[in-house]
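Participant: sequence-free structure coming up:
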């Protein structure tokens, strides 16, 4: 059972740093406060974001904000080894040795300027990962108070089962949206529900606003009608579609637009009609359910 209460929607910070918005310390501090003011208290990190620099930038903003640590929850991920000036790697790969996992968490704590992570996730599965060694690292980190809860990211059900045999897995962050709905039809969400694992959804808006293809054109046409019906933006309706799933999916929202952040929590309050939920799925598939 999770010891951490995450906000219903999580702020994804992947694009806050040099990979996209390149927010300075004051701007990042303001974003943290805007999120908290709108009841988004959980922040999703990974060591690699910003070529291993965004955690440090966030940590500076967090330290300058004087926000009490218990007011927010911090998620981070480890395991991906990128080829960048910040690491001595010659090829992109994954690393899940006990020593590396512990070192990586300690490095994230230093960068984020905090004593603990609320949730540690393994970023992507590795064919070479040793479940026993991972479990030893998790046990050590928990006993030392450096992580509260543990989970995975982008793991299949069988990979999750492998790790779960050795240590408790409470989360799995996967790609899920109206345009990428595979986890709810390939057994992933069934497995998570059966094993009390909470899904998180990265890229929860999918490709609706990024691609102009028949699928997204059908969805945009339907969303125009639903926006008029519910008096909410398309993004809020798409998040509400995710939130209605019984697996209790937690969307990771990466926007830094203040107006959009202010509207995000309205999706938590919105109760989509069942037929509208199926209409979104149908529009995405391009065909009726069987």
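Facilitator: All right, it came through fine. All of these numbers come straight from a predicted model, not from anything done at the bench. Numbering: from 1, shown residues only.

Participant: from residue 8, how far out is residue 236?
Facilitator: Residue 236 sits 12 Å away from residue 8, going by Cβ to Cβ, to the nearest Å. Backbone N, C-alpha and C define where each C-beta goes, glycine included.

Participant: quick check on those two: which one has the bigger neighbour count.
Facilitator: Ranked by neighbour count (other Cβ atoms under 10 Å), residue 236 and residue 8 place residue 236 first, with 22 against 19.

Participant: how many neighbours does residue 258 have?
Facilitator: Count around residue 258 with other Cβ under 10 Å applied: 14.

Participant: would you map the strands across this structure?
Facilitator: 10-12, 42-44, 73-78, 80-81, 93-94, 117-122, 147-153, 171-175, 198-202, 250-253 (DSSP state E).

Participant: just checking: what are the partner strands of the last one?
Facilitator: Which is strand 250-253. strand 10-12 (parallel), strand 198-202 (parallel) (DSSP bridges).

Participant: so which of those strands is nearest residue 257?
Facilitator: strand 10-12 (12.1 Å; Cβ to Cβ).

Participant: all helices for the stretch 101-250 of the chain, in order.
Facilitator: 131-143, 157-164, 188-194, 214-230, 234-243 (DSSP state H, counting those that start in this stretch).

Participant: which of those helices sits closest to residue 277?
Facilitator: Here helix 234-243 is closest among the helices of the stretch 101-250 of the chain (Cβ to Cβ), at 6.0 Å.

Participant: can you tell me the centre-most residue of this protein?
Facilitator: residue 252 (4.4 Å; Cα atoms, centre = their mean).

Participant: ok, now which ones touch the nearest residue to it once chain neighbours are set aside?
Facilitator: Spatial nearest neighbour of residue 252, excluding adjacent residues (Cβ to Cβ, 6 or more residues apart in numbering): residue 12 at 4.2 Å. Contacts for residue 12 (Cβ atoms under 8 Å, 6 or more residues apart in numbering) come out as 44, 202, 252, 253, 254.

Participant: how much space between the third one and residue 171?
Facilitator: Plainly put, residue 252 is 11 Å away from residue 171 if you go by Cβ to Cβ.

Participant: what do these two both touch?
Facilitator: With Cβ under 8 Å, 6+ apart, residue 252 and residue 171 have common neighbours residue 200.

Participant: may I see the buried residues of stretch 208-218?
Facilitator: 208, 215, 216, 218 (16 or more other Cβ atoms under 10 Å).

Participant: using the centroid of the protein, identify the residue furthest from it.
Facilitator: residue 290 (31.1 Å).

Participant: contacting residues around that one?
Facilitator: Contacts of residue 290 by Cβ under 8 Å, 6+ apart: none found.
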